[in-house]
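J.: below are the sequence and a predicted model; questions follow.
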Amino acid sequence: MKHLYTKYKPHYRDNLSLAVPVMISQLGHMLVQVSDSAIVGHWAGTVPLAAVALANGVFFIILVTGLGISYGITPLIAQENSRENFGECGRLLINSLLINVVTGVLLFLLVYLGSAYMLGHLGQSPLVVAQAKLFLPLLAISIVPLMVFNTFKQFAEGLGFTKQAMSISIWGNILNICLGITFVKGLFGILPMGIRGVGYSTLIDRCVMAVVMTLYVLRSERFRKYLHNFAIKNIDRLRSWNLLKIGAPVAMQYTFEVSAFAGANFIIGTIGPEPQAAHQIALTLASCTYMMSSGVSAAAAIKSGNHFGIKNFKLLRTSAISSYHIVLVLMCITALMFTFCNHLLPYIFTTDKAVLAIAAQLLILAAFFQLFDGTQVVGLGVLRGMGDVQVPTFITFLAYWVVGIPVGYWFGIHEQLGAVGVWYGLVLGLVVASVLLFFRFHVLSLRNSPEDRKSESPEVIV
């Protein structure tokens with residue numbers, strides 16, 4: 001163990017310096033959903049909380065498509081920066097901004113125009129659907145500013161600047177909570193808005209974050225050398241296509257994963273509002289810990305992109321394995337937290353006894369899949385930094401939609417195990433994804449590094 005620690009210590013430090021701000025930034029995005037759920041659960045009731053679960057389930061299937069596309073710029077920026085090709089970074093940014101704005105508008109139209117149809121054909125409780133229709137259109141509008149924010153966030157993170165987006169996310173989340181409570185409960189002379197209140201607070205929060213992040217990147221001295229070619233005249237088909245070649249498969253990866261959890265939500269919604277609300281609570285808490293893993297994954301993508309850009313596969317492999325070590329430690333901690341606090345954590349969202357009992361059971365399963373959830377997202381990040389996105393996309397589809405959802409449906413509905421049975425399938429899907437993605441990284445990194453292949457030992461793999 002001492003030998004392993006000495007070997008990977010420099011990479012632990014470098015990766016954590018990138019990962020921690022990204023973790024906090026990603027957690028800030030997730031806390032928007034947490035605060036929305038908590039505010040609605042305490043001040044609006046169980047049915048509106050189930051409606052938040054339903055609306056978020058539909059919304060995030062669409063949203064992650066856009067977010068995945070926006071992630072295409074990060075490994076390309078990391079690679080060009082390692083080659084000191086600073087002018088290319090500005091060209092990539094202007095093309096990425098165009099792609100993301102167009103994508104945001106298209107996704108907004110898809111959700112806004114199709115929300116009533118989608119919500120009405122999912123076999124959900126009519127009371128829940130009626131509430132969700134008040135919330136979902138407001139979420140749809142927020143896609144466009146969120147895509148603008150993410151464009152400049154991913155650009156900055158690709159260059160190794162991760163703390164600024166973290167600060168903006170923290171202040172944005174504070175703003176969202178304050179506005180959410182004000183609008184939902186009705187303070188300072190404002191009439192209570194119910195579930196629509198958190199929709200308005202989320203929209204305002206994301207608009208403010210987009211403006212601040214854009215101004216920061218465009219006006220900061222540290223980015224000036226990268227922005228010389230940030231101009232409309234540098235929009236071209238080749239660079240846009242290169243961005244989409246990475247971004248589109250990443251979007252599909254996220255879509256397969258998020259849609260699987262949303263599919264689980266729809267299956268559970270046919271059982272009743274209480275299991276659906278419990279699913280929303282457990283999934284929201286698990287998603288918070290996932291954001292920690294996502295931060296490590298983002299750092300892994302940046303570092304693997306740096307090393308891949310200069311063709312140093314030995315450092316790439318060592319850095320990637322250190323990211324696996326980091327996420328395993330973090331997820332062990334969160335697994336213990338879910339195990340020992342499974343009856344306490346749901347009180348953040350509700351006091352409904354039926355919901356609390358189901359959520360406590362689901363958190364035990366969430367504790368079990370923490371390690372696999374963390375390692376699968378790190379595997380995706382490492383491979384994305386290397387430009388390997390096609391095979392991981394197939395793996396995510398196989399894990400979640402060929403294994404996870406069918407198994408979950410069988411246990412949950414056919415075997416009548418309810419929400420717990422559906423989560424059995426989700427756990428199995430994460431296990432399959434984690435194992436196959438690690439195997440893909442292991443094979444691909446050794447194939448590109450003959451020196452490591454000759455000296456391969458168990459400690460390198462662990």
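T.: On my side now, so go ahead.

J.: shaky segments in this structure?
T.: By pLDDT under 70, the low-scoring segments of the chain are 1-7, 28-38, 40-45, 57, 115-116, 120-125, 192, 448-462.

J.: switch to 50 and redo it
T.: For the chain, residues meeting the criterion pLDDT under 50 lie at 452-462.

J.: wait, L110 touches L63, no?
T.: No. With contacts counted by Cβ atoms under 8 Å, L110 stays clear of L63, the gap being 10.6 Å. Glycine gets a C-beta too; all of them are placed from N, C-alpha and C.

J.: got a list of what A210 touches?
T.: P145, L146, V148, F149 (Cβ atoms under 8 Å, 6 or more residues apart in numbering).

J.: touching, G87 and L227? I think so.
T.: No. When contacts are counted by Cβ under 8 Å, G87 is not listed as touching L227 (9.6 Å).

J.: shared neighbours of the two, anything?
T.: By Cβ under 8 Å, 6+ apart, no residue touches both G87 and L227.

J.: and L106, how far from F155?
T.: According to Cβ to Cβ, to the nearest Å, L106 stands 21 Å off from F155.

J.: looking at these two, which one has more neighbours?
T.: Taking neighbours as other Cβ atoms under 10 Å, L106 and F155 compare with F155 leading, 26 against 15.

J.: for that one, helix, strand, or coil?
T.: Under the three-state scheme (DSSP: H, G, I helix; E, B strand; the rest coil), F155 adopts helix.

J.: what's the burial count for the nearest residue to it once chain neighbours are set aside?
T.: Residue nearest to F155 in three dimensions, not counting chain neighbours: L93, with 5.1 Å by Cβ to Cβ, 6 or more residues apart in numbering. Other residues lying near L93 total 27 when counted by other Cβ under 10 Å.

J.: same question for F439.
T.: Counted with other Cβ under 10 Å, F439 comes out at 12.

J.: which helix or which strand is home to it?
T.: helix 418-447 (DSSP states H and E).

J.: quick check: buried residues in that helix?
T.: For helix 418-447, the neighbour count (16 or more other Cβ atoms under 10 Å) marks 418-438, 440-442, 444-446 as buried.

J.: repeat for stretch 99-110
T.: Quick answer for stretch 99-110 (16+ other Cβ under 10 Å): I99, N100, T103, G104, L107, F108.

J.: grab the two from the residues you listed that are most spread out in space.
T.: Taking Cβ to Cβ as the measure, the buried residues of stretch 99-110 span a maximum distance of 14.9 Å, between I99 and F108.

J.: what would the buried residues of stretch 99-110 look like in TSV with distance to A251 and secondary structure?
T.: Converted to TSV, these look like this (distance: Cβ to Cβ, whole Å; DSSP: H, G, I helix; E, B strand; the rest coil):
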residue	distance to A251	secondary structure
I99	11	helix
N100	11	helix
T103	9	helix
G104	13	helix
L107	10	helix
F108	16	helix
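
J.: which ones are touching the residue nearest to A286 when sequence neighbours are not counted?
T.: In space, and not counting its chain neighbours, A286 is closest to A366: 4.3 Å by Cβ to Cβ, 6+ apart. Taking Cβ under 8 Å, 6+ apart as the criterion, A366 is in contact with A282, L285, A286, F338, W423.

J.: got the angle between the helix or strand where A366 lies and helix 418-447?
T.: Element membership of A366 [criterion: DSSP H and E] is helix 353-385. Here the directions of helix 353-385 and helix 418-447 differ by 10 degrees (axes from the mean of the first three to the mean of the last three Cα atoms, to 10 degrees).

J.: in helix 353-385, which residues are buried?
T.: Going by neighbour count (16+ other Cβ under 10 Å), the buried part of helix 353-385 is 355-356, 358-363, 365-385.

J.: what's the spacing between stretch 384-396 and its chain's center?
T.: Mean-position distance between stretch 384-396 and its chain equals 16 Å (Cα atoms, centre = their mean, to the nearest Å).
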